[in-house]
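**Student:** fold the following for me, if possible:
(2 chains)
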Amino acid sequence: GAVVSQHPSWVICKSGTSVKIECRSLDFQATTMFWYRQFPKQSLMLMATSNEGSKATYEQGVEKDKFLINHASLTLSTLTVTSAHPEDSSFYICSARKGLAKNIQYFGAGTRLSVL
Amino acid sequence: GENVEQHPSTLSVQEGDSAVIKCTYSDSASNYFPWYKQELGKRPQLIIDIRSNVGEKKDQRIAVTLNKTAKHFSLHITETQPEDSAVYFCAASTDTGRRALTFGSGTRLQVQP
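**Tutor:** Predicted coordinates for the structure are as follows:
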């Protein structure tokens, strides 16, 4: 199988604090990981593409200084929401791509972030 | 970049009926088209995918068709069951390279018992 673990599943924080979300591929090496944001009853919007050992590629309109992405190993990528504000409240989901031959992506369970 | 449009946004069917969801894409370079099912508050789960070298793929009650010329692909669910109720997303990308999936806007399917 291909399992992607994402933690935490739910976090509540005060405005101005930073929150780190982890995405791990448990039984495979992920050449690429992706971070998505999903608002209620809406689709998944790509925030950034994360390749192991290199800087993340951010989508237009996503602030790279606010959403810090680190992909330190082939099994771990982290998203840090810095100085979170209520408008950052959302459902954040990561996905991991297994290998380069086929673009099959496996999703984490998501993190619901609520900023008070 | 790629743009994926999905219709309808909501779909209600009676148990046992068929459901069809349609998507169009814009980038002729796209050659990989997966479909995901997402239940409320859960992760998207890949249910079926198709590559551009085939026109149709079937897996039990689920089938996907692809028309490369028209740049559209469809999901067909036959003999629907209440547990099929969920949000379904189509997506498009390329198989090689490191391109992300571009998702459609989603279809909320409700199967009435």
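**Student:** kindly state the pLDDT recorded for residue 111?
**Tutor:** Just so you know, I chose chain A. A:Thr111 is assigned 96 on the pLDDT scale.
**Student:** actually chain B
**Tutor:** Per-residue confidence (pLDDT) for B:Val111: 97.
**Student:** could you verify my assumption that it touches B:Tyr88?
**Tutor:** No. Look at B:Val111 against B:Tyr88 with C-beta atoms under 8 Å: they stay out of range, at 11.8 Å. C-betas here are computed from N, CA, C, even on glycine.
**Student:** what about the two, which has more around it?
**Tutor:** A count of neighbours by other C-beta atoms under 10 Å in any protein chain shown puts B:Tyr88 above the other of B:Val111 and B:Tyr88, at 23 against 20.
**Student:** quick one: contacts of the strand or helix carrying that one?
**Tutor:** Remark: B:Tyr88 resides in strand B:86-92, with elements defined by DSSP states H and E. Outside strand B:86-92, the residues that touch it by C-beta atoms under 8 Å, 6 or more residues apart in numbering or on different chains are A:43-44, B:2, B:4, B:6, B:21, B:23, B:25, B:27, B:30, B:32-40, B:44, B:47, B:73, B:75, B:101-104, B:106-109.
**Student:** how about the residues of chain B near chain A?
**Tutor:** Contact residues (C-beta under 8 Å from any C-beta of the partner chain) of chain B with chain A: B:32, B:34, B:36, B:41-46, B:49, B:89, B:93-106, B:108.
**Student:** and if we set it to 10 Å?
**Tutor:** Residues of chain B found near chain A (C-beta under 10 Å from any C-beta of the partner chain) are B:1, B:4, B:6, B:9, B:31-32, B:34, B:36, B:38, B:40-46, B:49, B:51, B:87, B:89-91, B:93-106, B:108.
**Student:** not counting its neighbours along the chain, what's nearest A:Trp35?
**Tutor:** A:Met47 (4.6 Å; C-beta to C-beta, 6 or more residues apart in numbering or on different chains).
**Student:** shouldn't that neighbour be in contact with A:Tyr58?
**Tutor:** Yes. Counting by C-beta atoms under 10 Å, A:Tyr58 is a contact partner of A:Met47 at 7.0 Å.
**Student:** joint contacts of those two?
**Tutor:** Common contacts of A:Met47 and A:Tyr58 (C-beta atoms under 10 Å, 6 or more residues apart in numbering or on different chains): A:Trp35, A:Lys64, A:Phe67, A:Ile69.
**Student:** what's the nearest residue to the second one if we skip its chain neighbours?
**Tutor:** Leaving out its chain neighbours, the residue that sits closest to A:Lys64 by C-beta to C-beta, 6+ apart is A:Tyr58, at 4.9 Å.
**Student:** which ones are touching the one you found?
**Tutor:** By C-beta under 10 Å, 6+ apart, A:Tyr58 lies in contact with A:Trp35, A:Leu46, A:Met47, A:Ala48, A:Thr49, A:Ser50, A:Lys64, A:Phe67, A:Ile69.
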